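Novice: Coordinates only, no sequence provided:
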Ligand code: GTQ
Ligand code: FE2
């Protein structure tokens with residue numbers, strides 16, 4: 001706490017007296033808390049999140065997931081072999097941030113994770129591997145490196161590994177947000193997955209994943225994106241083109257050397273899920289971002305390359321698969337020598353929808 005804050009607080013406090021002690025005992029007995037003793041914590045001048053900046057190393061996560069694969073069955077009851085990142089500022093809860101769940105999920109050769117549905121919204125991002133199909137409301141969706149896949153709330157889903165190799169991927173959900181707000185519903189589905197076929201393209205993509213083209217059979221907008229899988233080839237091409245445009249002196253990049261896309265819902269143009277924003281960022285060799293703060297928390301995963309991440313007072317070198325958390329309003333700067341590709345997700349839609357969104361970009365110096 002700053003000296004100034006301490007004096008401000010003192011200035012607003014009453015004179016100690018036996019009567020005051022009695023007043024406070026009265027409050028306690030009636031389960032009442034006065035604002036004047038709490039104001040600094042409750043209403044800070046700017047966000048002061050409990051969550052801390054933190055990095056998890058893929059090289060440490062993967063062997064632990066592999067051990068879990070040997071020791072822990074996947075099936076009805078536990079439902080998923082998913083291991084959550086627990087932010088060190090959140091008291092041991094399995095939460096990456098106050099609103100976001102981020103987990104590594106692991107499926108061994110030929111294993112099946114049974115179907116269920118829940119009000120929590122979910123996505124998968126694949127940093128390496130292939131061979132798993134996630135079946136979303138009966139639609140089998142192939143999972144491959146670089147793909148971003150959606151499981152919107154209340155859609156039945158199960159996963160099955162068709163390969164002789166294990167596969168691990170990143171899950172992102174709004175589990176903490178739904179938990180804190182007491183809005184969770186959950187229902188079991190079949191113990192198997194309903195459709196064991198392995199099409200290269202889901203029915204959802206065949207209907208929706210043609211750029212700028214909308215089926216006339218589905219003109220109503222939907223809360224969540226109807227696109228089950230955003231394929232790496234499209235993401236990669238979009239970023240490659242942004243940087244090529246920059247080479248030609250044409251507009252398109254977010255800032256010099258920094259190409260970026262947001263995954264969107266084609267029926268609204270907005271975010272893919274009601275509570276989760278997802279993006280992909282590419283820094284050219286030698287590039288650095290401006291320093292940005294925003295309301296809401298984010299989790300990033302390095303897809304390829306190496307770089308340096310600065311979050312608040314913390315700074316880490318990062319490489320493929322590493323995950324890091326940016327708590328609300330913490331300044332973030334990314335830089336790279338050899339080039340850096342990153343996936344990012346955040347809870348920003350919640351705050352924007354409620355009129356609480358704010359972004360601040362520091363001037364480049
Ligand atoms: O794959 O259905 O990491 O329901 C957490 C909860 C994954 C899933 C998680 C889930 C899932
Ligand atoms: Fe699930």
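Specialist: That came in fine, so what should we check first? Every value quoted in this text rests on a predicted model; they were computed, and no experiment measured them. Ligands and ions are numbered 1, 2, ... in the order given.
Novice: Show the residue spans covered by the helices in the chain.
Specialist: Along the chain, the segments classed as helices by DSSP state H run 3-11, 18-29, 39-42, 58-71, 175-180, 203-208, 232-247, 348-353.
Novice: Look through the protein and tell me its longest strand.
Specialist: Taking DSSP state E as the assignment, the strand of the chain that covers the most residues is strand 298-311.
Novice: which helices and strands does that strand pack with?
Specialist: Secondary-structure packing of strand 298-311 (3 or more C-beta pairs under 8 Å, 6 or more residues apart in numbering; DSSP states H and E): strand 277-283, strand 314-319, strand 323-326, strand 332-335, strand 340-346. Yep, even glycine has a C-beta here, placed from its N, CA and C like the rest.
Novice: same thing but at 6 Å, please
Specialist: The elements that strand 298-311 packs onto, with contact taken as 3 or more C-beta pairs under 6 Å, 6 or more residues apart in numbering; DSSP states H and E, are strand 314-319, strand 323-326, strand 332-335, strand 340-346.
Novice: Let's have those strands in CSV, adding distance to ligand 1 and mean pLDDT.
Specialist: Output for those, formatted as CSV (distance: least, C-beta to the nearest ligand atom, whole Å; pLDDT from 0 to 100):
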stretch, distance to ligand 1, mean pLDDT
strand 314-319, 22, 98
strand 323-326, 13, 99
strand 332-335, 24, 98
strand 340-346, 13, 99
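Novice: Leaving out the residues flanking it, which one is nearest to the residue of the stretch 101-250 of the chain found nearest ligand 1?
Specialist: Among the residues of the stretch 101-250 of the chain, residue 171 lies closest to ligand 1, at 3.4 Å counting by C-beta to the nearest ligand atom. Take residue 171 and drop its neighbours on the chain: the residue closest to it by C-beta to C-beta, 6 or more residues apart in numbering is residue 103, 4.6 Å away.
Novice: dump the residue contacts of the one you found.
Specialist: Contact analysis of residue 103 by C-beta atoms under 6 Å, 6 or more residues apart in numbering lists 82, 83, 84, 171.
Novice: now it, which residues is it bridged with?
Specialist: Per DSSP bridges, the residues bridged to residue 103 are residue 84, residue 171.
Novice: what's the pLDDT at it?
Specialist: Residue 103 is assigned 98 on the pLDDT scale.
Novice: repeat for residue 220
Specialist: Per-residue confidence at residue 220 stands at 98 (pLDDT).
Novice: Also residue 364?
Specialist: 61.
Novice: so how far does stretch 335-348 reach from one end to the other?
Specialist: Distances were taken as C-alpha to C-alpha, to the nearest Å; on that basis the terminal residues of stretch 335-348 are 23 Å apart.
Novice: List the buried residues of that stretch.
Specialist: Buried residues in stretch 335-348, counted by 16 or more other C-beta atoms under 10 Å: 335, 336, 339, 340, 341, 342, 343, 344, 345, 346, 347, 348.
Novice: now that stretch, how far from the chain's geometric center?
Specialist: 12 Å (C-alpha atoms, centre = their mean, to the nearest Å).
Novice: what does stretch 198-216 give?
Specialist: Here the centre of mass of C-alpha atoms in stretch 198-216, compared against the chain's by C-alpha atoms, centre = their mean, lies 24 Å away.
Novice: Please list the residues of this protein that sit near ligand 1.
Specialist: Listed as neighbours of ligand 1 in the chain under the rule C-beta under 6 Å from any ligand atom: 80, 82, 103, 105, 118, 122, 157, 171, 173.
Novice: Closest one to residue 314 out of the residues you listed, please.
Specialist: Comparing those against residue 314 with C-beta to C-beta picks out residue 103 as the nearest, at 22.1 Å.
Novice: Farthest pair within the buried residues of stretch 335-348?
Specialist: 339 and 347 (28.2 Å).
Novice: tell me the contacts of whatever residue of the stretch 1-150 of the chain ends up closest to ligand 1?
Specialist: When distances are taken as C-beta to the nearest ligand atom, the stretch 1-150 of the chain approaches ligand 1 most closely through residue 82, which lies 3.3 Å from it. For residue 82, the contacting residues are 103, 105, 171, taking C-beta under 6 Å, 6+ apart as the criterion.
Novice: can you check residue 322 too?
Specialist: Residue 322 sits in contact with 55, 57, 58, 302, where contact means C-beta under 6 Å, 6+ apart.
Novice: May I see those residues arranged in TSV, with neighbour count, distance to residue 233 and pLDDT as well?
Specialist: Shown next, in TSV, are the contacts of residue 322 (neighbours: other C-beta atoms under 10 Å; distance: C-beta to C-beta, whole Å; pLDDT from 0 to 100):
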residue	neighbour count	distance to residue 233	pLDDT
55	18	29	98
57	14	28	98
58	21	23	98
302	24	20	99
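Novice: JSON lines please, covering those and showing distance to residue 73.
Specialist: Listed next are those as JSON lines, based on distance: C-beta to C-beta, whole Å:
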{"residue": "55", "distance to residue 73": "30"}
{"residue": "57", "distance to residue 73": "26"}
{"residue": "58", "distance to residue 73": "24"}
{"residue": "302", "distance to residue 73": "31"}
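Novice: Provide a list of residues in contact with the residue lying closest to residue 52 once chain neighbours are set aside.
Specialist: Using C-beta to C-beta, 6+ apart and skipping the chain neighbours, the partner closest in space to residue 52 is residue 89 (3.9 Å). Residues counted as contacts of residue 89 (C-beta under 6 Å, 6+ apart) are 50, 51, 52.
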